[in-house]
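Q: turn this into a model:
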Amino acid sequence: MSSRDLVFAALNVRGLASKCPDLSLEFLKRSIDIGVLSETLQRDGVELVVPEYHLFSKTQFSSSHIRGFRGVTVAVRERLLKIFDVLVLEDVDSPDVLWLRFYNDCFEFFLAAVYRPV
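A: The predicted model follows:
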C-alpha cells in the first residue's frame, strides 16, 4: 500500500460512548484513516473521545427514556488533519446525513455518512 492510499471502514456501533476505547485500538491496529460510524446515539453532555482521531458528528442526543439508536459520526485520523482541511457541510436537512469536504491546494473529496433507519 502506498502512502497515498486511504483506508476507510464503516461500522454500525449501536451507541458510541461505551465503544470509544475499543474503536481506537481496532482502528489503529487496522490502519484505518477514516471510519464512518452509524447508530452513534449519544447522551447529552457526554463528550466522546477516540484517541488519535477527531470526531465529526451529527447525532441526536437522547435522554435515558428514549429507545433506539440514531446519528452518524466520522472518525478522522488526526494525521490527516495535517494534510487536509475538513469542512462540515451544514446545509443538509436530514438529521441522519453528515457531509464532509476534505481539501487542500491540490486535491479535494467529499464523504457522506448516512444512517438509514428502517
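
Q: from here on, contacts and neighbour counts on C-alpha atoms
A: Noted.

Q: by mean pLDDT, flag the weakest helix or strand of this protein.
A: Within the chain, no helix or strand scores below strand 61-62, which has a mean of 49 by mean pLDDT, DSSP states H and E.

Q: next structured bit after that strand?
A: Downstream of strand 61-62, the first helix or strand assigned by DSSP states H and E is strand 72-77.

Q: continuing past that following strand, what's the next helix or strand?
A: strand 85-89.

Q: from the contact counts, what lies against that next one?
A: strand 97-103 (3 or more CA pairs under 8 Å, 6 or more residues apart in numbering; DSSP states H and E).

Q: quick one, whichever helix or strand Leu111 is part of and strand 85-89 angle?
A: Assigned by DSSP H and E, Leu111 falls within strand 108-114. In terms of direction (axes from the mean of the first three to the mean of the last three CA atoms, to 10 degrees), strand 108-114 departs from strand 85-89 by 40 degrees.

Q: contact partners of strand 108-114?
A: Strand 108-114 is contacted by residues 36-38, 72-74, 96-103 when judged by CA atoms under 8 Å, 6 or more residues apart in numbering.

Q: can I get it in CSV? Just the C-alpha atoms.
A: Only the C-alpha atoms of strand 108-114 are listed here, as CSV (Å, rounded to 0.1, in the frame of the first residue of the first chain):
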residue,chain,number,x,y,z
GLU,A,108,-10.5,17.5,-2.7
PHE,A,109,-13.0,14.8,-2.0
PHE,A,110,-16.4,14.6,-0.3
LEU,A,111,-17.6,12.0,2.1
ALA,A,112,-21.2,11.3,3.2
ALA,A,113,-22.0,9.4,6.3
VAL,A,114,-25.6,8.2,6.1
